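1. Generate a structure from the sequence data that follows.
(2 chains)
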There are 2 protein chains.
Amino acid sequence: MAKNVKSKRTKARRLKGFRDISADDVLARDMMISRIREVYERYGFAPLETPALEYVDVLGKFLPEADQPDGGIFAFRDEDEEWVALRYDLTAPLSRFVAMNRDLPMPYRRYQVGPVYRVEKPGPGRFREFFQFDFDSVGTSSMLADAECCMVMCDTLEALGILRGDYVVRVNDRKVLNGVLEKVADGEALSDRVGLHILRSIDKLDRVGIEGVEQLLGPGRKDESGDFMSGVGLGAKQIDVVIRYLSIQEKTRAATCDALQQLVEGIAVGMEGVAELREIDEALRGGGYDEDRVVIDPTVVRGLAYYTGPVFEGVLTFDVVDEKGVTRQFGSVFGGGRYDNLVQRFTGQQMAATGASIGVDRLLAALQAIGKTQVDSAIAPALVTRLDKNLTAEYQRMAQELRSAGINTELYVGKQGIGKQFKYASDSGKTVAIVMGEDELQSGEVSIKDLRLGVELSQEIGSDRKKWLEEQPAQFSTPRSGLVKSIQEVLARYSAI
Amino acid sequence: MAKNVKSKRTKARRLKGFRDISADDVLARDMMISRIREVYERYGFAPLETPALEYVDVLGKFLPEADQPDGGIFAFRDEDEEWVALRYDLTAPLSRFVAMNRDLPMPYRRYQVGPVYRVEKPGPGRFREFFQFDFDSVGTSSMLADAECCMVMCDTLEALGILRGDYVVRVNDRKVLNGVLEKVADGEALSDRVGLHILRSIDKLDRVGIEGVEQLLGPGRKDESGDFMSGVGLGAKQIDVVIRYLSIQEKTRAATCDALQQLVEGIAVGMEGVAELREIDEALRGGGYDEDRVVIDPTVVRGLAYYTGPVFEGVLTFDVVDEKGVTRQFGSVFGGGRYDNLVQRFTGQQMAATGASIGVDRLLAALQAIGKTQVDSAIAPALVTRLDKNLTAEYQRMAQELRSAGINTELYVGKQGIGKQFKYASDSGKTVAIVMGEDELQSGEVSIKDLRLGVELSQEIGSDRKKWLEEQPAQFSTPRSGLVKSIQEVLARYSAI
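-> Prediction:
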């Protein structure tokens, strides 16, 4: 039955925009996820898991890229010729779940973590499969729920070791934006397409600056590479409305609300949005979340088309120097908003909902950049070598003894000689190797080799510790009966670092 | 920008064979996964994560269903018109990873957990998206690695609370099976197709019994539903070889090896397989894994086409009574084997490898059936109600105090009145509700309502405990300053259960 290996080889390759994640990154991410989970649970959210595949019409077209041909998603026809796709977020599947389970106690509060998939142009740090970690409250229109989203964002970032002042949560309201659009239209009808184009131009503020937005709202803009982006084609007076709006920068949330109200005065939807922001401000003050943590920021848009009210994002504000020596910021790592119509798509009945989502991979990269992800290595610290094949049973016993004592231990299961085994131990990151031959067996001893001593000594460490390490034997014999204790002692050399 | 909700509703529906997983099941699974991870790490395996999507030719056709038109996988063409698919296991992606990373220290030992996808006929407990948790050693042909797989299987099942005697690991070798096929062929050439058909017939032994296999090897077999399955069409003498092979049942692994050797005497590949099984037996004895845990069983085939040597499966042997009152066994929850040609498909060079995979969902169902998955509920135990909207800031403070004291606490963020809030608290599984109105605020008190007392008393509990519970007040007032302590006391009523 063993198939002949084909002479034609298959090329080992990975889809572009996808990646393999190494041991240390998996562990760092999982530790981060478990800390986030604690915060979400502290607020009373409980887990849910939905499938990676959903029907395309169930997911809906809400991505910023939704007007492009492929809609930004991995879609295909299933065996019944129905269009299915990999989920592009966790919110659309949640809405489907709620619509299918009409007897849930409301508000239904769940968290979910998992990979989502988008067909985007891959780039540094941009992947087509990436993790999101969401929490949502479905079934309440209270602004207290939106304010809570902002508070959970703050608590989460701080629980991960990001200091107050190194992040800010920025809040806006789509209704305010719609009010501004109505003011731009000035009594005329503004098509959805033009409205979307204006919002997209605003959303580019961080990248192109206020003059760039002005050009994008008008005739268009040429970027550094010479590429021309066509503009919305608004007149000077219309552009002025948007620029005035974007220039609102007050010291307090209350003052920002006042300025926004002045701008959209008399426009119902805009006034509604300002009232929502005032309610959020009040709840934030009640919770003790002041302007040093949460600000109202008129420039926040958020790309997803399903938002209907408040939108918010958690932004990291500290500088990091990347591997090319360029100083930059990580920017938005947390985003969310209110989406009161998503469940209604299925049920026909209003079902208010709000929530937020962590970009897990980007946040992890940020934590790694500031050294907030120390995790114990996943690598077993000890390797029991096999010098003499005939002693394998004794090697097995030693490995089991160490494991029983809580020391993760690998028994060498390859077929190479002892020299290669030592090299393997170093290459695979072991701290200590255990060696026993016929001689040691006869004398009731075992040899222990500290593989990390030289590495540690070559690093910059305090002189006291260096001196102490220099006095440690790199290789020594110990009675077989004292194996566990000796290994513990060697490992303890490094646990204090 | 708010899109008008379309009058045509989308039907909220899930793909067949997929499922949503509730809070308690997610938590039970994650706890199980973390225990399994500890065992894998104890042996020196470290995590790796590969993408859910891979190129179809990279995955290869190794599923039992691979000869069916759709090949049993979810495949589609990507934007470059290349065939891609959701992974159907974690072994093919591992082989791709190893082929792309030729400088890994060998043996490369990794674990990986995640969902895999197969287009199978959905049924009770059979899903198209299901979790696997694998560990593998790549780059060693030593049978010690295969024996270690069996030991890790045993340790894992016992770490999950499955008692010795309630499971068994069954080991066989594809080379022995190939030797039997060669004996069946008796000097003639046996096509791959016929060989596969014979192995599939053997693999059905558990379901159809020995007479069933006999029929399947011969003219064919009609099952209870009247469906006819065509047979291999072997002659009586040929069938007799297979039946003699399947009937080998010795008391010890060594004796089974002797009997197998007698059957395949003179057939090189078969003798090689027996020699491998003898080496595994020796290593198992060295590790102290006797016949009460690991047996050599000639009836084990394993469905995946990529196995080349030893194959093994972990089987639960205890009876459970299912919801229909039918006594049954869970059967195989762990499977694996040696696949020495999978990496070679890419590199052209031999790269020996062996490993095993847990069927996470099936094992979880088994643990749940025997009550081995007690987890703390994910549900926050406390709900701070909002009787008076004007006191929201005070409610927020109480919630934060409780959270700071380590009590997961939900602040009610809906808009219903207090009666509905109590119903919500019960429906969503809260233990305790906190109530404060203007009166309580003035008198510096807070009301606490135990929501679980009645439920507990209606259950069968010891009379001492019942008496004690009956003496507890279901609702009482406490000074505002003693809120945390009072809630802790109410929660303590149930922590001892």
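
2. domains of chain A?
-> A:15-141+A:340-377, A:163-317, A:382-495 (automatic domain parsing).

3. distance of A:Arg110 from A:Ala405?
-> 41 Å (CB to CB, to the nearest Å). To be clear about C-beta, it is placed using only N, CA and C from the backbone, and glycine gets the same treatment.

4. Also A:Glu460?
-> Distance from A:Glu460 to A:Ala405, counting by CB to CB: 32 Å.

5. Between these two, which is the more surrounded one?
-> A:Ala405 (13 against 5; other CB atoms under 10 Å in any protein chain shown).

6. so what's that one closest to, chain neighbours aside?
-> Distances taken as CB to CB, 6 or more residues apart in numbering or on different chains place A:Val484 nearest to A:Ala405, at 4.6 Å, with adjacent residues excluded.

7. For the one you found, which residues are in contact?
-> A:Glu401, A:Leu402, A:Ala405, A:Ile407 (CB atoms under 8 Å, 6 or more residues apart in numbering or on different chains).

8. contacting residues for A:Ile21?
-> Contacts of A:Ile21 (CB under 8 Å, 6+ apart): A:Arg29, B:Leu48, B:Glu49, B:Thr50.

9. Which of those residues fall in helices?
-> Using DSSP state H, the subset of these located in helices is A:Arg29.

10. ok, the contacts of A:Ile21 vs A:Ala255, which is closest?
-> For those, the residue nearest A:Ala255 by CB to CB is A:Arg29; the value is 40.0 Å.

11. re earlier: with mean pLDDT added, can I get the domains of chain A in CSV?
-> Below are the domains of chain A laid out as CSV (pLDDT from 0 to 100):
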stretch, mean pLDDT
domain A:15-141+A:340-377, 92
domain A:163-317, 94
domain A:382-495, 92
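
12. Serialize the ones you listed to a markdown table and add fields for distance to B:Arg452.
-> A markdown table is the format used below for those (distance: least, CB to CB, whole Å):
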| stretch | distance to B:Arg452 |
| --- | --- |
| domain A:15-141+A:340-377 | 16 |
| domain A:163-317 | 28 |
| domain A:382-495 | 37 |
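
13. B:Arg278: which of those is closest?
-> Smallest distance to B:Arg278 across those (CB to CB): 13.8 Å, for domain A:382-495.

14. measure the closest one end to end?
-> 14 Å (CA to CA, to the nearest Å).

15. Give me the most central residue, chain A.
-> A:Val360 (1.0 Å; CA atoms, centre = their mean).

16. was I right about that residue contacting A:Phe127?
-> No: with contact defined as CB atoms under 8 Å, A:Val360 does not count as touching A:Phe127 (11.1 Å).

17. thinking again about what came up before, format the contacts of A:Val484 as a markdown table; extra columns: secondary structure.
-> Shown next, in a markdown table, are the contacts of A:Val484 (DSSP: H, G, I helix; E, B strand; the rest coil):
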| residue | secondary structure |
| --- | --- |
| A:Glu401 | helix |
| A:Leu402 | helix |
| A:Ala405 | coil |
| A:Ile407 | coil |
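
18. Now which of the residues you listed would you call buried?
-> For the contacts of A:Val484, a neighbour count by 16 or more other CB atoms under 10 Å in any protein chain shown gives the buried set as A:Glu401, A:Leu402, A:Ile407.

19. nearest to A:Ala99, of those?
-> Closest to A:Ala99, out of all of the buried ones among the contacts of A:Val484 and judged by CB to CB, is A:Ile407, at 51.1 Å.

20. Verify the stated contact: that closest one with A:Leu491.
-> Yes: A:Ile407 is in contact with A:Leu491 according to CB under 8 Å; the separation is 7.1 Å.

21. so what's in contact with these two at the same time?
-> A:Pro381, A:Ala382.

22. Which of the helices or strands spans A:Phe131?
-> Per DSSP states H and E: A:Phe131 is located in strand A:129-138.

23. May I have that strand exported as CSV, CA atoms only?
-> Provided in CSV are the C-alpha atoms of strand A:129-138 (Å, rounded to 0.1, in the frame of the first residue of the first chain):
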residue,chain,number,x,y,z
GLU,A,129,-5.3,35.5,8.4
PHE,A,130,-5.2,37.4,11.7
PHE,A,131,-6.6,37.0,15.2
GLN,A,132,-9.4,39.1,16.6
PHE,A,133,-10.7,39.1,20.2
ASP,A,134,-14.2,40.7,20.5
PHE,A,135,-16.6,41.4,23.2
ASP,A,136,-20.2,42.6,22.5
SER,A,137,-23.5,43.5,24.3
VAL,A,138,-26.4,42.6,22.1
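
24. The helix or strand following it near chain B anywhere?
-> Following strand A:129-138 in sequence order, the next helix or strand is helix A:143-159 (DSSP H and E). Yes: Helix A:143-159 is in contact with chain B by CB under 8 Å from any CB of the partner chain, via A:Leu144, A:Ala145, A:Glu148.
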